[in-house]
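Peer 1: coordinates for the following, if possible.
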Amino acid sequence: MRSALPKVLHPVAGDSMLGHVIHSARQLQPQGVHVVIGHGAELVRERLAADDLNFVLQDKQLGTGHAVAQALPALSAETVLILYGDVPLIEVETLKRLLAKVNEQQLGLLTVTLQDPTGYGRIVRDAEGKVAAIVEHKDASEAQKAIREGNTGILAVPGARLTKWLGRLSNDNAQGEYYLTDVIAMAVADGLVVATEQPLDPMEVQGANDRRQLAELERHYQLREARRLMALGVTLRDPARFDIRGEVSVGRDVLIDINVVLEGRVVIEDDVQIGPNCVIKNSTLRKGVVIKANSHIEGAVLGEGSDAGPFARLRPGTVLEARAHVGNFVELKNAHLGEGAKAGHLTYLGDAEIGARTNIGAGTITCNYDGANKFKTVLGEDVFIGSNNSLVAPVDIKDGATTAAGSTITQNVEPSQLAVGRARQKNIDGWKRPEKLKKD
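Peer 2: Residues are numbered from 1 along each chain as shown. Below you'll find the model as predicted:
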């Protein structure tokens, strides 16, 4: 990777490769999840620490068999599933099929058939087609290298058997390592059947050893997610220009234009339209919401039929009620717009409560921060805020009130009042404009 970051922490779709693997393992509802860490151990532990994870340190990297052996003291389950931290796209359904093959007299081995299996251990079968052993690529003969069925390393075995087999491993091989793959020959010698399963897509078992492979994993993940959303009723203008970096749920008849990024937990209900170049993060878009081009939505809830953009920025704590409108170059943070309220353009609203049908004129800002503390602005229903207003919080502008354009509002405004907070205009006759000084 040519990186200071441990390989397994490099991201795919917004999560580390190891994070994806742990997520898949959790969906199997295991008795425990044990993570063997070595290079960059402290950073891995720090980034992924969780109550349901047990981290096991492998001081010296002496091979896959040695790595699994470090976790043996913590293993007590009847079946042990061995996964790899740099193989992030493995599907839960594939793992379930593999686990279904395991019993006291049978273990499950995930293999993959490739046109070019270079680098993979080869699956050696006997005359009856049964798995006899796995030979690592560097130890394989020319005849064995011609075998196209490769070992993915993903293995499900009876727990009691695993302890005995690991104790018999040897490092007498080209790498001087303890290969987990030697367990297969031991199982066959002990009379067990090695039952194989294959992924539906070879990319499920693809690892990443460099940035190019990492990018391939990223794009495959994104196309897989795009196909999933389209099957649920989403129109993607171009599936190749769309990214998911989290968990997304969608309704029907959703339209998503190009270069849209969905991050974190995003809920998109029926009939939502998202324009090009938008980022939606940890937000909920109710039925019929329209997000126009180049908008950034984070930590917000947009009510039914509301709209935002183009070039809108909704920051955490923003709530738009039904049919509220946020226009171009409007920024909201911790602001609540009531039903049908409007902020059309060039506006900042922070720490604000805005009532139904209230209209915010262009160039308006809430002055919510005094350099040390934040204060709230409250606007009632049917309020009209003129253009270029500064609303100095804390301030309460009540139902039906109006503020004149260019006003700085520092005091509460009662219902139906007009507030004018600007200097009186003065026109000066005979005014001469300044002239540029002549240079010597």
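Peer 1: so, low pLDDT: which residues of this protein?
Peer 2: In the prediction, the chain carries no residues with pLDDT under 70.
Peer 1: what's the domain layout of it?
Peer 2: 7-205, 211-419 (automatic domain parsing).
Peer 1: ignoring the adjacent residues along the chain, who's closest to residue 97?
Peer 2: What sits nearest to residue 97 in space, not counting adjacent residues and going by C-beta to C-beta, 6 or more residues apart in numbering, is residue 197, at 5.2 Å. C-betas here are computed from N, CA, C, even on glycine.
Peer 1: and that neighbour, what does it touch?
Peer 2: Residues in contact with residue 197 (C-beta atoms under 8 Å, 6 or more residues apart in numbering) are 94, 97, 98, 101, 108, 109, 110, 111.
Peer 1: filter those down to the ones in strands?
Peer 2: 108, 109, 110, 111 (DSSP state E).
Peer 1: need those in JSON lines (columns: distance to residue 9 and neighbour count).
Peer 2: Output for those, formatted as JSON lines (distance: C-beta to C-beta, whole Å; neighbours: other C-beta atoms under 10 Å):
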{"residue": "108", "distance to residue 9": "28", "neighbour count": "23"}
{"residue": "109", "distance to residue 9": "28", "neighbour count": "25"}
{"residue": "110", "distance to residue 9": "24", "neighbour count": "25"}
{"residue": "111", "distance to residue 9": "28", "neighbour count": "23"}
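Peer 1: from those, which is closest to residue 334?
Peer 2: Nearest to residue 334 among these, counting by C-beta to C-beta, is residue 110 at 48.5 Å.
Peer 1: now the nearest residue to the closest one once chain neighbours are set aside, what's its secondary structure?
Peer 2: Nearest-residue entry for residue 110: residue 154, 4.0 Å, with adjacent residues in sequence omitted and distances by C-beta to C-beta, 6+ apart. When classified by DSSP: H, G, I helix; E, B strand; the rest coil, residue 154 comes out as strand.
Peer 1: re the thing from before, ok, of the ones in strands among the contacts of residue 197, which one's closest to residue 333?
Peer 2: So of those, ranked by how close each gets to residue 333 (C-beta to C-beta), first place is residue 110, at 47.9 Å.
Peer 1: for the closest one, give its distance to residue 34.
Peer 2: 19 Å (C-beta to C-beta, to the nearest Å).
Peer 1: next: residue 114.
Peer 2: For residue 114 relative to residue 34 (C-beta to C-beta), the value is 29 Å.
Peer 1: which of these two has more residues huddled nearby?
Peer 2: Higher neighbour count among residue 114 and residue 34: residue 34, with 19 against 14, using other C-beta atoms under 10 Å.
Peer 1: dig out what the more buried one forms beta bridges with.
Peer 2: In this entry, residue 34 is beta-bridged to residue 54, by DSSP bridges.
Peer 1: list the contacts of it.
Peer 2: Neighbours of residue 34 in contact, by C-beta under 8 Å, 6+ apart: 53, 54, 55, 56, 71, 74, 75.
Peer 1: go again with 10 Å.
Peer 2: For residue 34, the contact set (C-beta atoms under 10 Å, 6 or more residues apart in numbering) comprises 25, 53-56, 68, 70-75, 80, 82.
Peer 1: among the ones in strands among the contacts of residue 197, which one sits closest to residue 391?
Peer 2: Taking those together and measuring to residue 391 by C-beta to C-beta, the closest member is residue 110, at 62.0 Å.
Peer 1: distance of that closest one relative to residue 77?
Peer 2: Residue 110 is 18 Å from residue 77, by C-beta to C-beta.
Peer 1: residue 387 is in contact with residue 363, isn't it?
Peer 2: Yes. Applying C-beta atoms under 10 Å as the test, residue 387 and residue 363 come out as touching, 5.3 Å apart.
Peer 1: residues that sit against both of those two, list them.
Peer 2: 345, 346, 347, 405, 406.
Peer 1: give me the element the third one is part of.
Peer 2: Okay, so that is residue 347. strand 342-354 (DSSP states H and E).
Peer 1: next SSE downstream of that strand?
Peer 2: strand 359-360.
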